[in-house]
Each structure stands twice: as structure tokens, then as C-alpha cells.
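1. next comes the sequence, and after it the predicted model I'd like to discuss.
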Amino acid sequence: MCDTCGCNVTHGNRHLIEEGGKHAHTSDDHVAIEVLENLLSENDHQAAHNREHFERHGVLAINLMSSPGSGKTRLLERTIDHLKERYKIGVIEGDLETENDAQRIRDKGVPAVQITTGTACHLDAHMIHQALHQTPLDELDLLFIENVGNLVCPASFDLGQHLNVTLLSVTEGDDKPAKYPVIFRAADHVLITKSDLLPLLDDFDPDNAGQSLQQLAYKNPITLVSAKSDQGMDEWLDWLEAQLNQASATEPTTASV
Amino acid sequence: MHELSVCQSMLRQVEEIAQREQATSVERIVIQIGPLSGVVPELLQQAFTIARCGTRAEAAELVTQTQPVRVHCLQCGYDSDAQANRLLCAECGDYRTRLISGDELLLASVELTRN
Ligand SMILES: Nc1nc2c(ncn2[C@@H]2O[C@H](COP(=O)(O)OP(=O)(O)OP(=O)(O)O)[C@@H](O)[C@H]2O)c(=O)[nH]1
Ligand SMILES: [Mg+2]
Ligand SMILES: [Zn+2]
Ligand SMILES: [Zn+2]
Ligand SMILES: [Zn+2]
Ligand SMILES: [Zn+2]
């Protein structure tokens, strides 16, 4: 699929088309070169390439991030229950070990690819690209990427997704956004999950979580949801549909890659 | 600990530049990191001492320039210093700000030796 995607600039040959950095010769055998390039430019290039795949197939890609066990897979299961009659959904699951999460998704009747990262505590754009080759992109409207449960590393690696959703469960502290600003700032929607447990937990105040997010200059939606009681599901699903409609309004008609 | 991945990616970039410049060794690598980049300079330094082995940067020094967190206020237009988890306008206190510095993760420059 990459042969025809039109992108053959690689890290190895890019210097042939771009001028090298500025040179400042301090002596004959010593040279200082100004680079000013992102440290993750390899990943960023691959992410841009992944985005091209999504766009050519008219697929909206959403990256879900949270601590381990905040409810990403269960939220996906419920979301699929609600939306699968209307949209064609696929999932890429990232975990350190096991196929369990992908199997839970397949049991819902939608295609899922499991990436097991072994020791890497995040997904990167290259892993996603490999998984894309096993994903029936031309059949999908919506692709969820469930990142490895971790509030630190996933935030640094662009995967080519269009939107980020960060989950914070009520069993975690409401000060999590202040402790992990990078991942919460990156969110296009923050979901406060497991809201059915709020009556049991007097130390989690959704307003405090909201204030903590506002201190990060966070301006996007915050929704309290429960994948168990379905509280807040309508708001979440409405938001998803709005994103899908917006994406299909701006995307060109699907071409095959 | 994704600093090792970041470091390996950086070293591949540096190797590529060194090769293009026909350099035998890399003396200095200067990077710019903001507190909101998600990369911790100390951890990157540690990863560097492991990852540089066997590369042209084996004896190189890694210099980190930490960038300040600064925001531009979308309400009053003021630019001010901020903290990573408190990105409010210092002038009017509004949260509707845009980050103007503090999320950098850049390879700024490299110093090479040819002989
Ligand atoms: N009460 C309640 N429990 C939930 C809810 N959502 C998830 N859980 C439970 O929380 C646990 C973890 O849920 P998962 O969906 O597996 O969490 P995850 O974020 O996918 O976990 P990792 O992939 O391991 O990071 C499971 O026992 C779920 O049943 C919810 O809305 N309410
Ligand atoms: Mg999961
Ligand atoms: Zn490709
Ligand atoms: Zn490419
Ligand atoms: Zn990591
Ligand atoms: Zn202001």
C-alpha cells in the first residue's frame, strides 16, 4: 500500500532534496551545524504518512490515552454497541502483553489488530503503520487506537491520529491533570470515566478535575461517563458523530491507496 | 521511560548528519527541551550514556537548553511566564491562553570533527 502512496521521502534520502543545515566552520577539521529539527522527526514523518493513509480512505482516527485500567477498552465496547449499526468501526489495541483487549473488541464483531509492545510503554507511528497493513481501512469510517495504559509516554508520539481523547477515571485523583499536564493538554476531549462509582468515592470531585484542566488552558469538552450505567454516553456519542460529520464534510471522496 | 526511544531517534539524526558531513566523530549535541515536551532532561542524559555507545557520538557531550514556559493571552493579549501545570495569564488571570514556548523538543545543533 505504500508503493502508491506517493511518499518516498525517507530519513535516509531527505538530505538529497533539502538543503543541509547551516554550516559554521570554526577550523578546518571542526564544524558546527545548526539543525533545529524535531528530535522525533522520524516518528513525525511516519505519523504524517499514516495520516495520509487515513485521509485517502476517509477514516477518522482517534487515539485513546489513560492510566492502566481507566476503562478504555470497556468504553470502546459500549461505544461499538451504540454505533456499530451506523458506522463501520475498527480498533488498534496497544498493550505491553496479551491479545485480551483485541479479543474483547472482536467479540463485538468489529475488526481489531493487537500490537504488543513488549517493553515499550507507548505506541509509535511505525507500530501503527505496521498495524494499518492488517486493518481493512477501505471498509472503515472510524478507527480507534487504544494506546498503552500510561499517562506519560504516549503523549510524546504522534501516531497520525486526528483526535486525542484522554480518560481519567474517578478512582484516580482529581489532581491528575496537574501531575500529567502534557497528556491532558493534548486532549480534544477529556472523559471522566466510571462515574457510576462517584457516590462511593468522596475524594474525587469532578469540579476539581475541571479546574485542574482549566489551569492547563484546556478549552475542549469534559464529559462524565460510565460504560456501566451509560451515564454521559449520549454526550460522548454526539461528540463522536459531530467529529465524523465534520471529517466527511472536509475530506475529499475516498480514493483507494 | 520513552527517553531511550527519543535518544535513539536523536542519535540516528546525528549519525546521518555526521555521515553527510564526513565527520569522524561528534563532539557536542545541543538540544532544546521545554517542560511541556513530555521528555525529562535528566532521563534523556541517562539514556544518552547508554545509547551513544558504538556511534560516532560515543564521546560526545549532550547539552540541554531548557526552554521557559510562556503563554500568550487570547483575552488581553499579554505574554507572560507560566508553569507547566498553571498556564494562566499573569496579567488578567484568564485560562484562555496559547502556549508560545515550553513544549520544544529540538535538535538545535551538532559539532563535528573531520580528519
Ligand atoms: N464500575 C465501572 N467499572 C468500569 C467502568 N469502565 C471500566 N470499568 C472496569 O475497570 C476495569 C478496567 O477496565 P478496562 O476497560 O479494561 O481498562 P483499560 O483502560 O482498557 O485498561 P488497560 O488496557 O489495561 O490500560 C475493568 O474491570 C472494567 O470492568 C465503568 O464505567 N464503571
Ligand atoms: Mg484496555
Ligand atoms: Zn504506508
Ligand atoms: Zn512516508
Ligand atoms: Zn515510555
Ligand atoms: Zn490576559
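-> Done, it's in. Ligands and ions are numbered 1, 2, ... in the order given.

2. use CA for all of it now, contacts and neighbours both
-> Noted.

3. tell me which residues in the longest helix anywhere in chain B are buried?
-> Longest helix of chain B, by residue count under DSSP state H: helix B:3-20. Within helix B:3-20, the residues that count as buried by 16 or more other C-alpha atoms under 10 Å in any protein chain shown are B:3-18.

4. one more: stretch A:138-151?
-> Under the neighbour-count criterion of 16+ other C-alpha under 10 Å, stretch A:138-151 has A:138, A:140-151 buried.

5. what does that stretch contact?
-> By C-alpha atoms under 8 Å, 6 or more residues apart in numbering or on different chains, the residues outside stretch A:138-151 that reach it are A:57-69, A:72-73, A:87-96, A:121-123, A:154, A:180, A:183, A:244, A:256.

6. try stretch B:18-35
-> Contacts for stretch B:18-35 (C-alpha under 8 Å, 6+ apart): B:39, B:41, B:56-69, B:84, B:101-115.

7. quick one on the thing from earlier: of the contacts of stretch A:138-151, buried ones?
-> Buried by 16+ other C-alpha under 10 Å: A:57-67, A:72-73, A:88-96, A:121-123, A:154, A:180, A:183, A:244, out of those.

8. tell me how far the residue nearest to B:His2 when sequence neighbours are not counted lies from B:Arg20.
-> What sits nearest to B:His2 in space, not counting adjacent residues and going by C-alpha to C-alpha, 6 or more residues apart in numbering or on different chains, is A:Cys153, at 5.7 Å. According to C-alpha to C-alpha, to the nearest Å, A:Cys153 stands 31 Å off from B:Arg20.

9. still on that earlier bit, select only the buried ones of the contacts of stretch B:18-35 in PyMOL?
-> To isolate the buried members of the contacts of stretch B:18-35 in PyMOL, using 16+ other C-alpha under 10 Å:
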select buried, chain B and resi 39+41+56+57+58+60+61+62+63+64+67+68+69+84+101+102+103+104+105+106+107+108+109+110+111+112+113
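
10. where does pLDDT dip in chain B?
-> Scanning chain B for pLDDT under 70 picks out B:1.

11. what segments of it are helices?
-> Using DSSP H, helices in chain B cover B:3-20, B:41-51.

12. report the buried residues of the last one.
-> Going by neighbour count (16+ other C-alpha under 10 Å), the buried part of helix B:41-51 is B:41, B:44-45, B:47-48, B:51.

13. does it reach ligand 5?
-> No. For helix B:41-51, no contact with ligand 5 is found by C-alpha under 5 Å from the ion; the gap never falls below 11.3 Å.
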